[in-house]
Each structure stands twice: as structure tokens, then as C-alpha cells.
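# Based on what follows, work out the 3D shape:
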Amino acid sequence: MATVITPPPAQDRKLADMSKLADPEFRNTPISPDRYFSKEWADREWDRIWTRTWQIAGTQAQIPNKGDWLTADFGPETIVCVRGDDGAVRAFYNVCQHRGMPVVEGEQGNSKRLVCPYHGWAYDLAGKLKTVPDEADFIQGSPCGKLNMVEVKCELWAGFVWINMDDDAVPLRQFMGPIADQIDTYPMDKMVRTHWVTVEGDFNWKLIQDNFNESYHVPFVHPQTKFVMEYSHSFCQFDLYPEGHARMFMPGAGPTQQLRGGENETLSYLAEELKFWGLDPEQFRGGKTREIRKALQQAKREKGAEKGFDFSTYHDDQLTDHWHYTIFPNLSFSLKPDGNIWLRARPHESDPEKCYFDMWYMTLFPEGTERYYSQSMAEWVDVSVPAPHVQGKVDEVSMGPGIDQDVSIWGLQQRGLHSRGYKRDYLAWQERRVRYFHENLEKWMAD
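Numbers count the residues shown, from 1 in each chain. This next block holds a predicted model:
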């Protein structure tokens, strides 16, 4: 049965700890290319990482009512999470104890019982086998009361359903460490999933996590962002946590400190957001675009409540900047008070040179919202309908212009890692989150 982790009410929440952490000692072991395509390495990852770490199965909003269920695919396993007659959420391996048939099919649904479609074995919502056809025909005795669905550890936190296939796993809050309190400053459970896209790519899952563990690539892969986002590492803060997670503070709502020019591009990109908060874009002409960040923070403080937002639990920096978390082994959040982009890599069930990449956009809509105010996303965020799950291979579906730029890199990089001309990494200091990710990966693999 799922443990429910309830964040404190807004009035009792503390501001997020922004303290800079001391960097750990690094072993500087080679990030060898074989870990991106070796089947032996991938098999060990499954046994030592994927079956032992906390993963998000879905959102709590998917299963609000008794009998609601959702499924989550990880490698060769499918987990089903179901809300029981008692209101509790439980997770099980999606497999009938008779002859291995999945009990439910599809992404989500509602059932009074979980009934195997092959031979009709019926389990209640707590996973107990209740009835089987021809019960008296089993010479070893009725399986009812003996064979039940196998339960998986499950916890509810931050609006998500979390699972862990390791019966001895530490509680989710302990696994998350200090960043749990930081994420709790955001009303995650009130955010709505407005985008749900999954692509299958011809690249290893670690290339995704490597990418979101560094911003070194940003001015080259995302050149448009230089007008509204800091890309010089010297103005960002990086923190590495003992639990294996990392965070980055990247200033936003204005051009990079190193940028010369681009005034028209900056003001065009931010015009609708500035107007929404009562600021005239024209007042920032004449070399004043670097004043936008502080002006926007002040305007949000003054007008947040009347716009339907509660900014009382945030630092000023959180109102404009990108607080980016990478959660070991495969999850990234880029958080803002009105929403976050959620990015996840999942291993392919059989091929280490393929994976699945999931992108969710979680949006906070104040009551009465009819249109998302951000100029860069207003046409992309639909406030009127629940997000359908869009699935396909790379180049078949879009994750939005920014993430599509990232995706376009990884297939080429996967091929390059096979080259006889490439032996190992040579990382800049600003890429130390990549180094830390792989050293934690090696630690789990060796344990």
C-alpha cells in the first residue's frame, strides 16, 4: 500500500535552501564508450539500478477514483498501480500468477476487479486472488488465497505515483535527500499535465541524462535562448548531493551577461510575459535589457496575488530563474512557480542502443485561466483539454522546438561513440554533474 507523503501547507513551508555545497572528490575514471552500447553493461544496469531506484509511474491525477489504474513500462517490466476500495494506491507487477499473462492492457482504465483476459483469474483491487474458473479442478488445491499479485513498493509524493521494485529500498524521502524540501516549495500536486510525449530513439538512455546534466551545449544546440537565459557557467550555481542527485541555478528572464546586442530579440521573446505583469517592453530599450530580470521579479511580487499566484514561499530568484534538478538515475525537472518541464529516460527492453524518452509539461493554471501567458509557449500550452499521450519514433512526433533540438543530437552521438577514434571523455569543470552522474552509476553498478 502506498505511503502518502504530504507536503506542509503553504503557510508552514520554509524557503528553499540555496546554500552552495562543497564539491565532492572525483575519481576521474574514464566514461568509457562501451557503457552506451554494451549488452552486458545494460543487463547489469537492469539488475543493479533500474530494479532498485525510485521511479515515477504516473500522476496521481490519473487515478482519482476507486478502481482507477495506470501502467508504467520499465525495461521488460510493466507495473500496474491501482486505487483500491479503501482509497489506497498499490502497485503490482502486471502479471497473472496462472501462466504469466498481463492482467491489464493499456495505459490506464477503471475496473472493479483485475481480471486476466486469458483464463479469467480475478484479483481484487488489493491484488488478492478471489475467483478462478473451475476452482475444484486444481488437484493441488484452490489457488485462491495462495497466489496473489506480487506487490511493488509504492509512495505518493509531489502529485506523482512513485514505485520501486526493491523490497529493501529506502523510503522515497530518504532517497531524495534535501532536494525533497526544495521541490515541496512548488505546488506540484496542483500542476496539470498539459503535454505527454514519448519518443523511441536510437540512442542509449544515458545520453539523455548526460545532456541534462550540463548547460555547456546550450548556446550551440539552443542558440535562441541566449536572448533570455544565462548560458555562461560562471553565473550559474551547481550543487551535487550525496544521494546522487544534482541541481543547477541558471538565471533567466534576460540576456546572458556576456551578450552584446540582441535587444530586439530579447524584447520580442519576452513581450507578452512583460505585459502580463504590467511592464512595458519599450522601457528596457537603450541597453536596459539586463534590468528585466529584477524588474520582473518585483512585478511578480507586487501583482502575484491578483493574478492568482502565491509566491510567498519563493526566493526572488525562483520567480525568473531555471532551477534544474537531475534525480538519479534518469529524471530531470526544470522548475518554475507556474510549471515545470519533466524529462525522463527509460531503457529499452532489449537493445542498449535504443531507449524511450518521456517529456511532460506540468502547468499551474490560476482559476479562470483561458490562455497561457508566456509568449514562448502560449500557442503550445492548451488549457482546455487533458493531455493525450503522443507516441512515436524520433522525427515522427515533436516535443516542442527546444527539446527537439536536444533529441536531434543523440542519435548522431550514439554513432560517434562507436568510432575507433574516440576513447574516453575530456570534461570541463562546468560538466562535473556529468562526471558525478557516472561516478554514482559506477558505484551502484559495483554494489
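# Pull out the buried positions in the helix or strand containing Asn440.
Element membership of Asn440, judged by DSSP states H and E, is helix 432-446. For helix 432-446, burial by neighbour count (16 or more other Cβ atoms under 10 Å) applies to 432-441, 444. In short, each C-beta sits where N, CA and C put it, glycine included.
# Check stretch 141-161 too.
By neighbour count on 16+ other Cβ under 10 Å, the buried set for stretch 141-161 is 144, 147-149, 152-161.
# ok, of those residues, which one's closest to Pro366?
The shortest gap between Pro366 and any of these belongs to Gly159, at 17.0 Å (Cβ to Cβ).
# My guess is that closest one contacts Asp189. True?
Yes: between Gly159 and Asp189 there is a contact at 3.8 Å, judged by Cβ atoms under 8 Å.
# Please enumerate the shared neighbours of those two.
Residues touching both Gly159 and Asp189 (Cβ atoms under 8 Å, 6 or more residues apart in numbering) are Gln60.
# low-confidence ranges in the stretch 1-150 of the chain?
Applying pLDDT under 70 to the stretch 1-150 of the chain picks out residues 7-13.
# Break down it into its strands, ranges please.
Under the criterion DSSP state E, counting those that start in this stretch, the stretch 1-150 of the chain contains strands at 3-4, 55-59, 68-74, 77-83, 89-93, 108-110, 114-115, 122-123, 129-131.
# Partner strands of the helix or strand following the last one, with direction?
Which is strand 129-131. Counting by DSSP H and E, the next helix or strand C-terminal to strand 129-131 is strand 151-157. Neighbouring strands of strand 151-157 in its sheet, by DSSP bridges, are strand 3-4 (parallel), strand 89-93 (antiparallel), strand 160-164 (antiparallel).
# any idea of the mean pLDDT for strand 151-157?
Across strand 151-157, pLDDT averages out at 98.
# for stretch 257-272, same thing?
83.
# Closest to Phe37 out of the buried residues of stretch 141-161?
Using Cβ to Cβ as the measure, the one of those that approaches Phe37 most closely is Val152, at 29.4 Å.
# my guess is the closest one meets Val89, correct?
No: at 11.2 Å, Val152 does not count as touching Val89 under the criterion of Cβ under 8 Å.
# packing partners for the helix or strand that contains Arg346?
Secondary structure assigned from DSSP H and E places Arg346 in strand 339-347. Packing partners of strand 339-347 (3 or more Cβ pairs under 8 Å, 6 or more residues apart in numbering; DSSP states H and E): strand 68-74, helix 205-212, strand 331-336, strand 355-363.
# let's go with 7 Å and repeat that
With contacts taken as 3 or more Cβ pairs under 7 Å, 6 or more residues apart in numbering; DSSP states H and E, strand 339-347 sits against helix 205-212, strand 331-336, strand 355-363.
# export those to a markdown table and tack on mean pLDDT?
A markdown table is the format used below for the helices and strands packed on strand 339-347 (pLDDT from 0 to 100):
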| stretch | mean pLDDT |
| --- | --- |
| helix 205-212 | 98 |
| strand 331-336 | 92 |
| strand 355-363 | 94 |
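# For these, please prepare a markdown table with the additional fields mean neighbour count.
Output for the helices and strands packed on strand 339-347, formatted as a markdown table (neighbours: other Cβ atoms under 10 Å):
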| stretch | mean neighbour count |
| --- | --- |
| helix 205-212 | 23 |
| strand 331-336 | 20 |
| strand 355-363 | 23 |
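# what would the ones you listed look like in a markdown table with distance to Arg99?
Shown next, in a markdown table, are those (distance: least, Cβ to Cβ, whole Å):
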| stretch | distance to Arg99 |
| --- | --- |
| helix 205-212 | 31 |
| strand 331-336 | 35 |
| strand 355-363 | 28 |
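# Quick one, which of those gets closest to Phe175.
Phe175 lies closest, by Cβ to Cβ, to one member of the helices and strands packed on strand 339-347: strand 331-336, at 11.6 Å.
# hmm, who's touching that closest one?
For strand 331-336, the external contacting residues (Cβ atoms under 7 Å, 6 or more residues apart in numbering) are 56, 186, 212, 322-326, 340-344.
# Farthest-apart pair in the buried residues of stretch 141-161, please.
The farthest-apart pair in the buried residues of stretch 141-161, when distances are taken by Cβ to Cβ, is Cys144 and Ala158, at 37.6 Å.
# can you redo the buried residues of stretch 141-161 as JSON lines with distance to Asp404?
Output for the buried residues of stretch 141-161, formatted as JSON lines (distance: Cβ to Cβ, whole Å):
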{"residue": "Cys144", "distance to Asp404": "51"}
{"residue": "Leu147", "distance to Asp404": "47"}
{"residue": "Asn148", "distance to Asp404": "45"}
{"residue": "Met149", "distance to Asp404": "39"}
{"residue": "Val152", "distance to Asp404": "34"}
{"residue": "Lys153", "distance to Asp404": "35"}
{"residue": "Cys154", "distance to Asp404": "33"}
{"residue": "Glu155", "distance to Asp404": "33"}
{"residue": "Leu156", "distance to Asp404": "32"}
{"residue": "Trp157", "distance to Asp404": "30"}
{"residue": "Ala158", "distance to Asp404": "27"}
{"residue": "Gly159", "distance to Asp404": "26"}
{"residue": "Phe160", "distance to Asp404": "25"}
{"residue": "Val161", "distance to Asp404": "28"}
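# wait, which of those residues is closest to Glu105?
The closest of these to Glu105 turns out to be Met149 (Cβ to Cβ; 15.3 Å).
# Am I right that the closest one is in contact with Asp124?
No: judged on Cβ atoms under 7 Å, Met149 makes no contact with Asp124 at a distance of 9.5 Å.
# Let me see the contact set for Gly75.
Gly75 touches 46, 50, 347, 349, counting by Cβ under 7 Å, 6+ apart.
# separation between the closest residue in space to the first one that isn't next to it in sequence and Asp351?
I take that to be Trp46. Nearest-residue entry for Trp46: Gly75, 5.6 Å, with adjacent residues in sequence omitted and distances by Cβ to Cβ, 6 or more residues apart in numbering. Distance of Gly75 to Asp351, given as Cβ to Cβ, to the nearest Å: 11 Å.
# what's the answer for Gln174, then?
33 Å.
# Also Phe92?
27 Å.
# Which residue of the two possesses the greater neighbour count?
Using other Cβ atoms under 10 Å, the more surrounded residue of Phe92 and Asp351 is Phe92, with 24 against 13.
# ok, the buried residues of stretch 141-161 vs Tyr314, which is closest?
For those, the nearest to Tyr314 is Ala158 (16.2 Å; Cβ to Cβ).
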